[in-house]
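S.K.: task: produce atomic coordinates for the following.
(3 chains)
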Amino acid sequence: MHDKNDHSAYFYVLPAGAIILLFHVFPVIYSFLLSVFKGTLKHPMREFIGLSNYAELVGDVSFWKAMLNTLFFSVGSVPLGILIALGIAVLLNQKIQGLGIYRTIYYLPVITSIAAVSLVWKWLYDKKAGFFNQVFDMVDVAPSAWLQESRGLFEVVFSWVHISLPTSIVFFGTEFDQVLTRIAHGPSVALCCIIAMSVWKSLGYNVVIFLAGLQGIPNHLYEAAEIDGANRWQQFKAVTWPLLSPTTFFIFIMSTITSFQVFVQVFMMTPFGGPDGSTSVVVFYLYEKAFKTFEFGYASAMAYVLFTIIFILTLIQKKYVGEKVHYGG
Amino acid sequence: MRMRLTILIALTLVLLALWGCGPSQRADEFNKKGQLKIVFWHAMGGPLGDVLNGLIQDYNESQDKYYIHPEFMGRYDILEQKIIASVMAGRTPDVAQMYEGVTMLLTRDEGEESLQALNPWVEKWDGWNQIFPAFQENSTYDNGIIYSLPFNKSFPVLMSNREILKLIGKKNPPGNWSELASYAKEIHERVGYDKELRKPVLKSQAQNPEDIMGYAFAVDPWLFEVMLLQNGGQMANEEQSEVYFNSEFARESLNWFVKGVQEGWAYRTEGYNHQNEFGAQKVAFIITSSVSQKFMQKKLNFDFAVTPVPSGREREVSIMSGTNVAIFEGIGEARTGGAWDFISWLNSPEITSKWARNTFYVPTRRDALQRPEMQDYYKNVEGASASIDQLEIGDMEPRSSAWYRCRIILRSYMEKVISHIEKGDDENPDSLIKRYLDMATKRMNRELSKYHIKRKSSS
Amino acid sequence: MVKSHARQKQFRALLVHFFLSIGGLLMCFPFFWMVLTSLKSPQEVLQVDHWFPHQKAFYVSVQKGKESVRQVEILENLGDSRVKVRFMDRNVIEQVESAGLEHRQFLWSNYEKAWNKVQPSFTRYFVNSFVIAVVTTVGQVTTSILAAYAFVFFVFPFKNLLFTVFLATMMIPQETLLIPNYLILSELGWIDTYMALIVPWLAGVFGIFMLRQFFAQIPRELFDAAMIDGCSKFGFLFKILVPLSLPPIITISIFTFLGSWNSLLWPLIVTNSQEMRTIQVGLSYFSQAEGTEWELLMAASTFCILPLIVLYIFAQKYFVQGEAASGLKG
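M.R.: Residues are numbered from 1 along each chain as shown, chains lettered A, B, ... in the order given. Modelled structure (predicted):
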């Protein structure tokens, strides 16, 4: 009876299907079309221009700076976030009392509105009366400009050991030297501030996933290792880490994908792209091109490049981790 | 069976609903007094917003045909963004405040203009001939089409701390840029701030005085452009397809700021901080828009002078700032009439005078200057004449729809130059200035080439 | 031997608690600082070394129908119930009635002030966020239930293809959809209306996916028995399946609600007028327009965050459980 084709199924799928097709599938095609056309404000698709938007993107220093900033953000926030989250999860897994309370506390930042929380951190970083500078003042350290500091991390760290990096590297003799300079100087202190805040915000999320993964490792494996004379660190290396690696890899890819899409924090904490444009990440630059100056074709090209990168990353994740999704009690 | 029928009906309804949709302007609305609602988007906040709201209330109560519904958009760039978005969505306000670049953007595509040409109304209006020529030009576009009326216009003014001037024996504020530089330098060397007495004193007569700077500035192309013009240069060519910010005039102007920072008497601040520093008497001179006085008024409890922006070498010229008001297309005859009634009312002698006297913006028409209350204001209020005197020598920035982006580019390169100087780089400032202004000009020209003014006569 | 082992365990436990507590403090500190700041006066906010609000003198008066609370420094009691004070906001010295002087430590009035500082007021923003989140959640849950049901209990042509397409959309980042959706909504004339804020999110593959997994675990016999008993396919869904599926439904509801409530980029783009702003959008405009009144900004942040914290404390189980199990972001 249930093996016959039942066309009434279409009515069930229709509501979701219509919305998804119209607003989630069709736009992908539309986006590409927009990127290969040029037009007016009210009619964005007037003239076919082929791949010239993409060519222009390649020569756009601001785009490359945005990509670099995004890369810095990703490299800065993902490994750090994973390490700390793993550490916390391991601690939480130690069968201590109050696990629930700790988990609540660590997960709290995750569910709060990122816009509001970005404001709070912006205030913590305030130059004049922010908490961090107040602490610096108490221990007699010079205040930092934090979100307005364009100096790179490497530049600052080197300066502590009295090495000063060249202020600007002249290699190509064009604007692209700015990109080289930024690579040499490292992510600006402003961007690092945003990285710190992002790690704080998403920590709990990764902790919970790690915890579930840790709790899935059968106890008898640890007991067997202990009998074999392994200490805690060796147990971690031999049992925990290998068995956790699917989870770790999953979190790694997911965090990377999310980090490429960072926007709200940047928008709230540095609404103008930060000192020297050093916090302008790809999605921020996209937003400015699309919704501040209404260059839809160009912005669509950028969106498509971003889409390609993320699509590839997601494919990797799906392929390696597979459908490890199950609803458990 | 019943289920399928229900779903089918629901679907049909949805499709009908979608069909009925489509971008459209809102319908006419009336309030209880029978006045037609005119929506006005602006970015006047704080004390300026209070004055504007007062004026709007006056207008609403003074006649019974229209009432203005103002919506405050927060900042200019947000206002601009929302205006353009509303045009794309097909649902615009009736009147809005906007810079020339936006006006350009909204009218540059032939056949798709989103603003109404005001010529038919202007022709029947006796006020146009009284509007200052600089403002007339500012609102007139290709082929003589008038797209706006002036609204809140200002000029740069020099604010000087009179007490500090007295300390170095000068009676009057500096009149030109080299005077400003030399006064500022001298003040930085000789004058300090006594924390206990809470006032500036001569360093020689104080114990442990804090440093006082000569000149504080936020990096902004405005003054840089004024100096450029004053020294005989030009900002752009006539078609506004090319800018000249890498010319010797441009380099010379930027060099004035660079030298100040190098020699230590000038420094850069963020946002509006230079105004705060001036108010705290930590710096002797700042140049700001005349309207800033409105915000600073309550915080200046010392003797200060307000004079026109310093003059340069060749030309007597200044650059206006501020916006105009324009009326949107497609809002219907009734609301267009109301919108015009409002913006021409704003430009009536009595109201533009009231606006100017309460905000430190300049009046937009000549006959307003003749009014007794305006004469009184001009003579007796510090800072009134400083901007009004520049009305006859006002020029404007390029009006290309890409100008907003160009300005951002110019500003970011100026910032880079100043940053390098602040860090105390070895590089020769002249080559630094040349390199960055060259890059800035190249990028600006690229932006302009994408959007330069389309002549309506060609296709 | 046993004793020292126990002591070792105790010491280790203590160490674990120590590190976790420090971490926990770091997690919560920003919220603590936020609330502290929200209770300070504008002058106190800028004073360094004054972390906890202390007793301050204020001159309270009613101006234009609104209460005005201004911090003062009391200079001299002039007798005759008049006092010489320095108003700290304008740095002017005036003589005022001593009756108007009040001492306050925590400035709860900041909350009311921040609430009304925006146009029309945060009330409207809360209403918007709530309506949008509720309708979106109900919508997404409904469409997901229907679609998942079809994928599990029906056989129809192109079923697998359709499902693969749905699945594929999970790999598309929101940013790619922004511009085209914006243009589509412009064409439909839905910009700056509830339609734009809700309709594109009335369906989501996350919910479909999760429910499909759950439905697939329902024993087939249950379905067959119901069919034999003459139950319609819709009846089975409504009367039997849905009540059984409450756990995943609740999880999906919470994540959808959360996602909708906290979203910024999409509502930012599709709304123009003040009346259509959501809480997050309103907060972003508030911070950009009034950049430096930190006590008000922190008050606003506090009441923006509070509702979700309350929801979280009550429905904690579902938050954590759903996220850990699904491993998918809402």
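S.K.: for the chain, what's the longest helix?
M.R.: I went with chain A, as the question did not name one. For chain A, the helix that runs over the most residues, judged by DSSP state H, is helix A:61-92.
S.K.: correction: the question concerned chain C.
M.R.: Per DSSP H, chain C has its longest helix at helix C:2-38.
S.K.: mind listing what's buried in that helix?
M.R.: Within helix C:2-38, the residues scored as buried using 16 or more other Cβ atoms under 10 Å in any protein chain shown are C:16-17, C:20, C:23-24, C:27, C:30-31, C:33-38. For glycine as for every other residue, the C-beta is placed from the backbone atoms N, C-alpha and C.
S.K.: will you turn those residues into a markdown table that also has pLDDT and distance to residue A:318?
M.R.: Formatted as a markdown table, those follow (pLDDT from 0 to 100; distance: Cβ to Cβ, whole Å):
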| residue | pLDDT | distance to residue A:318 |
| --- | --- | --- |
| C:16 | 88 | 36 |
| C:17 | 89 | 39 |
| C:20 | 91 | 34 |
| C:23 | 92 | 33 |
| C:24 | 92 | 35 |
| C:27 | 94 | 32 |
| C:30 | 95 | 35 |
| C:31 | 95 | 36 |
| C:33 | 94 | 41 |
| C:34 | 95 | 39 |
| C:35 | 94 | 42 |
| C:36 | 92 | 45 |
| C:37 | 92 | 44 |
| C:38 | 93 | 44 |
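S.K.: identify the farthest-apart pair in those residues.
M.R.: In those, the most distant members under the criterion Cβ to Cβ are C:16 and C:38, with 33.7 Å between them.
S.K.: which residues touch residue 124?
M.R.: Looking at chain A here, since you left the chain open. Contacts of residue A:124 were listed using Cβ atoms under 8 Å, 6 or more residues apart in numbering or on different chains, and they are A:130-132, C:30, C:33.
S.K.: chain C is the one I meant
M.R.: With Cβ under 8 Å, 6+ apart, residue C:124 has these contacts: C:274-275, C:277.
S.K.: surely residue B:94 meets residue B:40?
M.R.: Yes. Applying Cβ atoms under 8 Å, one finds residue B:94 in contact with residue B:40, separated by 6.9 Å.
S.K.: which one's more surrounded, the two?
M.R.: residue B:94 (24 against 20; other Cβ atoms under 10 Å in any protein chain shown).
S.K.: okay, that one: pLDDT?
M.R.: What the model reports as pLDDT for residue B:94 is 96.
S.K.: the one 5 residues further on too?
M.R.: For residue B:99, the model assigns a pLDDT of 93.
S.K.: before we move on, the earlier item: list the buried ones in the longest helix of chain A?
M.R.: Of the residues in helix A:61-92, those buried under the neighbour-count criterion (16+ other Cβ under 10 Å) are A:61-74, A:76-78, A:81-82, A:84-86, A:88-92.
S.K.: re earlier: is the helix or strand that the longest helix of chain C is followed by up against chain A anywhere?
M.R.: Moving toward the C-terminus from helix C:2-38, the first helix or strand encountered (DSSP states H and E) is helix C:42-46. Yes. Applying Cβ under 8 Å from any Cβ of the partner chain, one finds that helix C:42-46 is in contact with chain A at C:45-46.
S.K.: for the closest residue in space to residue B:165 that isn't next to it in sequence, phi and psi?
M.R.: For residue B:165, the nearest residue in space outside its immediate sequence neighbours is residue B:173; the separation is 6.8 Å by Cβ to Cβ, 6 or more residues apart in numbering or on different chains. Phi and psi for residue B:173, reported as degrees, to the nearest 10, are phi -70, psi 160.
S.K.: if we can go back for a sec, can you add distance to chain A and give the buried residues of helix C:2-38 back as CSV?
M.R.: Formatted as CSV, the entries for the buried residues of helix C:2-38 read as follows, by distance: Cβ to the nearest Cβ, whole Å:
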residue, distance to chain A
C:16, 5
C:17, 6
C:20, 5
C:23, 6
C:24, 4
C:27, 6
C:30, 5
C:31, 7
C:33, 6
C:34, 5
C:35, 10
C:36, 10
C:37, 7
C:38, 10
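S.K.: okay, now residue C:183: neighbour count?
M.R.: A count of neighbours around residue C:183, defined by other Cβ under 10 Å, yields 21.
S.K.: that one belongs to a helix?
M.R.: Yes. Assignment of residue C:183 by DSSP: H, G, I helix; E, B strand; the rest coil places it within a helix.
S.K.: for it, give me its contacts.
M.R.: With Cβ under 8 Å, 6+ apart as the criterion, the residues that contact residue C:183 are A:30, A:34, A:44, A:296, B:88.
S.K.: now the third one. Nearest residue, chain neighbours left out?
M.R.: Of all residues not flanking residue A:44 in the chain, residue A:296 sits nearest, at 4.8 Å (Cβ to Cβ, 6+ apart).
S.K.: neighbours of the one you found, how many?
M.R.: Considering only other Cβ under 10 Å, residue A:296 is surrounded by 26 other residues.
S.K.: isn't it up against residue A:34?
M.R.: Yes. Contact between residue A:296 and residue A:34 holds when scored by Cβ under 8 Å: they sit 5.6 Å apart.
S.K.: overlap in contacts, those two.
M.R.: Taking Cβ under 8 Å, 6+ apart as the contact rule, residue A:296 and residue A:34 both touch A:44, C:179, C:183.
S.K.: possible to save those residues as a markdown table with pLDDT and distance to residue B:50?
M.R.: Compiled in a markdown table, the shared contacts of residue A:296 and residue A:34 are given as follows (pLDDT from 0 to 100; distance: Cβ to Cβ, whole Å):
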| residue | pLDDT | distance to residue B:50 |
| --- | --- | --- |
| A:44 | 79 | 40 |
| C:179 | 89 | 38 |
| C:183 | 88 | 39 |
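S.K.: closest to residue C:10 among these?
M.R.: Distance to residue C:10 across the shared contacts of residue A:296 and residue A:34 (Cβ to Cβ) is lowest for residue C:179, with 59.7 Å.
S.K.: tell me if that closest one really is in a strand.
M.R.: No. Looking at residue C:179 with three-state DSSP, it is helix, so not inside a strand.
S.K.: mind listing what it touches?
M.R.: Taking Cβ under 8 Å, 6+ apart, we find residue C:179 in contact with A:31, A:34, A:290, A:296, A:299-300, A:303.
S.K.: how close does it get to residue B:424?
M.R.: From residue C:179 across to residue B:424, the span is 44 Å (Cβ to Cβ, to the nearest Å).
S.K.: same check on residue B:308?
M.R.: Separation of residue B:308 from residue B:424 (Cβ to Cβ): 34 Å.
S.K.: with neighbour numbers in mind, choose between the two.
M.R.: Using other Cβ under 10 Å, the more surrounded residue of residue B:308 and residue B:424 is residue B:308, with 21 against 8.
S.K.: for the more buried one, which non-adjacent residue is closest in space?
M.R.: residue B:386 (5.0 Å).
S.K.: so how far is residue B:320 from the one you found?
M.R.: The span separating residue B:386 from residue B:320 equals 14 Å under the rule Cβ to Cβ.
S.K.: which neighbours do these two share?
M.R.: With contacts taken as Cβ under 8 Å, 6+ apart, the residues that reach both residue B:386 and residue B:320 are residue B:155.
S.K.: which other helices and strands does the longest helix of chain A contact?
M.R.: Under the contact criterion of 3 or more Cβ pairs under 8 Å, 6 or more residues apart in numbering or on different chains; DSSP states H and E, helix A:61-92 touches helix A:99-111, helix A:177-185, helix A:189-215, helix A:241-260, helix A:282-291, helix C:2-38.
S.K.: got the angle between the second one and helix A:61-92?
M.R.: So that's helix A:177-185. Calculated by axes from the mean of the first three to the mean of the last three Cα atoms, to 10 degrees, helix A:177-185 forms an angle of 20 degrees with helix A:61-92.
S.K.: that older thread, closest to chain C among the contacts of residue C:183?
M.R.: Each of the contacts of residue C:183 was scored against chain C by Cβ to the nearest Cβ, and residue A:30 proved nearest at 3.8 Å.
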